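S.K.: Let me see the structure of the following:
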Amino acid sequence: MAWYKIAKDFNERNLINYKIAYLKDIKNRLSKLSKLIFQSGSLTKKANFAIIQDKKISSYPLIRDILINADNVALDSPWRFAAFCNDAIGVIDKKIYAFRKEREEITRIEKGQPQKGWI
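M.R.: This is a model prediction of the structure:
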């Protein structure tokens, strides 16, 4: 039996799915910005500042702090900006992994561990 057939409430799982999707979007944007910095510094700085000003990113202060540091060096050192973006991507990967583990725990809490084979 699939987990969605026994689940009573999808709100928690959906909330975690939205967080994962948001972080994946930020990760993709940062990977593009880390390459774009070498071609257009001012455009990249504006895009990074838009990410910093997003209300949802305030829930992740470590990522926001890294992006603020990246914004400070965007026009002076594109290599350091790219390094800061890669650091933020690493933190985002850890958050996504934690959210996936939490989602898996939520989906298996009702039923317990799935049974394999014959009993």
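S.K.: okay, CA-based contacts and neighbour counts for the rest of this
M.R.: OK.
S.K.: just checking, what packs against the helix or strand that contains Lys95?
M.R.: In the assignment (DSSP states H and E), Lys95 maps to helix 78-109. Here helix 78-109 touches helix 3-6, helix 11-36, helix 61-72, going by 3 or more C-alpha pairs under 8 Å, 6 or more residues apart in numbering; DSSP states H and E.
S.K.: what distance separates the second one from the centre of its chain?
M.R.: For helix 11-36, the distance from its own C-alpha centre to the chain's C-alpha centre is 4 Å (C-alpha atoms, centre = their mean, to the nearest Å).
S.K.: re earlier: among the helices and strands packed on helix 78-109, which is nearest Glu104?
M.R.: Proximity to Glu104 (C-alpha to C-alpha) singles out helix 11-36 among those, at 9.0 Å.
S.K.: distance of the residue nearest the centre of the chain from Asn11?
M.R.: Centroid-nearest residue in the chain: Leu23, 2.3 Å away (criterion: C-alpha atoms, centre = their mean). Noted for Leu23: a distance of 18 Å to Asn11, by C-alpha to C-alpha, to the nearest Å.
S.K.: ok, now Asp25?
M.R.: 21 Å.
S.K.: ok so, going back, would you reformat the helices and strands packed on helix 78-109 as CSV and include mean pLDDT and distance to Cys85?
M.R.: Output for the helices and strands packed on helix 78-109, formatted as CSV (pLDDT from 0 to 100; distance: least, C-alpha to C-alpha, whole Å):
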stretch, mean pLDDT, distance to Cys85
helix 3-6, 52, 37
helix 11-36, 93, 6
helix 61-72, 95, 7
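S.K.: Distance to Glu105 added to those helices, as a markdown table?
M.R.: Shown next, in a markdown table, are the helices and strands packed on helix 78-109 (distance: least, C-alpha to C-alpha, whole Å):
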| stretch | distance to Glu105 |
| --- | --- |
| helix 3-6 | 11 |
| helix 11-36 | 10 |
| helix 61-72 | 25 |
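S.K.: All set now, cheers.
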